[in-house]
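Enquirer: let me see the structure of the following:
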Amino acid sequence: MKKIDFDSDIKHLISYYNHLLFAQDKVGEEMEELTKDIIRKKDEENDIELEDFIDLEEKSFMTNLYQQEMLKVSSSIKAVYRLSINAGHNLNIDDDSKKVLDRIVNDGESDFIMYVDNNTDSVMFKEESVEEGIKNMCKYRVDPSSLEDRFNMLKSQYEYFFKIVNNEGKKAD
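Expert: Below is the predicted model:
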């Protein structure tokens, strides 16, 4: 059985979380610039290209992936933190990591409250709606192998939409 090094594990997870947060912010800035560029092209040239929308959709897609990964990492951070508390371990981490840890642990987001029912030896949820929510979430989870297919589908939808817009413009002339 592997011994858990709470301090090291928390530090690595927080470092990865910060990396994801930075990358997500960078993609967000790129999306903002693309949006401004699309608006400028529409106002000045009245010539918006399909590639602009595809780039914007790709950035949006990347933002969603970063958010999903951040949720997973924050969940892992919470789990390691709870284990360290249960083990009676006082975390030895730097102040910046403590701030991130406090923010993650105290956000309450996506933290399902569970307990073990000793009479039935099963995991129970304090709120009945949580179990149904988990089932629904699992039902609609995206398979990572299908991400490229999804992007290609979105691209073809934009191309089709662009073709319709161009045809409508030609009919008006």
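Enquirer: residue 83 and residue 6 touch, don't they?
Expert: Yes. The pair residue 83 / residue 6 is scored as a contact, 7.1 Å apart, by CB atoms under 8 Å. Placement of C-beta: from N, CA and C, glycine included.
Enquirer: who's more crowded, these two?
Expert: A count of neighbours by other CB atoms under 10 Å puts residue 6 above the other of residue 83 and residue 6, at 19 against 13.
Enquirer: what helix or strand does the closest residue to that one other than its chain neighbours sit in?
Expert: The shortest distance from residue 6 to any residue other than its chain neighbours is 4.1 Å, reached at residue 84 (CB to CB, 6 or more residues apart in numbering). Element membership for residue 84, per DSSP states H and E: helix 50-86.
Enquirer: name the helices or strands packed onto that helix?
Expert: helix 6-44, helix 95-105, helix 147-172 (3 or more CB pairs under 8 Å, 6 or more residues apart in numbering; DSSP states H and E).
Enquirer: can you list the buried residues in that helix?
Expert: For helix 50-86, a neighbour-count test (16 or more other CB atoms under 10 Å) marks 52-59, 62-63, 65-66, 69-70, 73-78, 80-81, 84 as buried.
Enquirer: again with stretch 24-41
Expert: By 16+ other CB under 10 Å, the buried positions in stretch 24-41 come out as 24, 27, 30, 31, 34, 38.
Enquirer: quick one, what contacts the first one?
Expert: Going back to what we said before, that points to residue 24. If a contact means CB atoms under 8 Å, 6 or more residues apart in numbering, then residue 24 has 63, 66, 67, 70 as its contacts.
Enquirer: mind putting the residues you listed in JSON lines, pLDDT and distance to residue 106 included?
Expert: Putting those into JSON lines (pLDDT from 0 to 100; distance: CB to CB, whole Å) gives the following:
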{"residue": "63", "pLDDT": "86", "distance to residue 106": "24"}
{"residue": "66", "pLDDT": "87", "distance to residue 106": "21"}
{"residue": "67", "pLDDT": "87", "distance to residue 106": "19"}
{"residue": "70", "pLDDT": "88", "distance to residue 106": "16"}
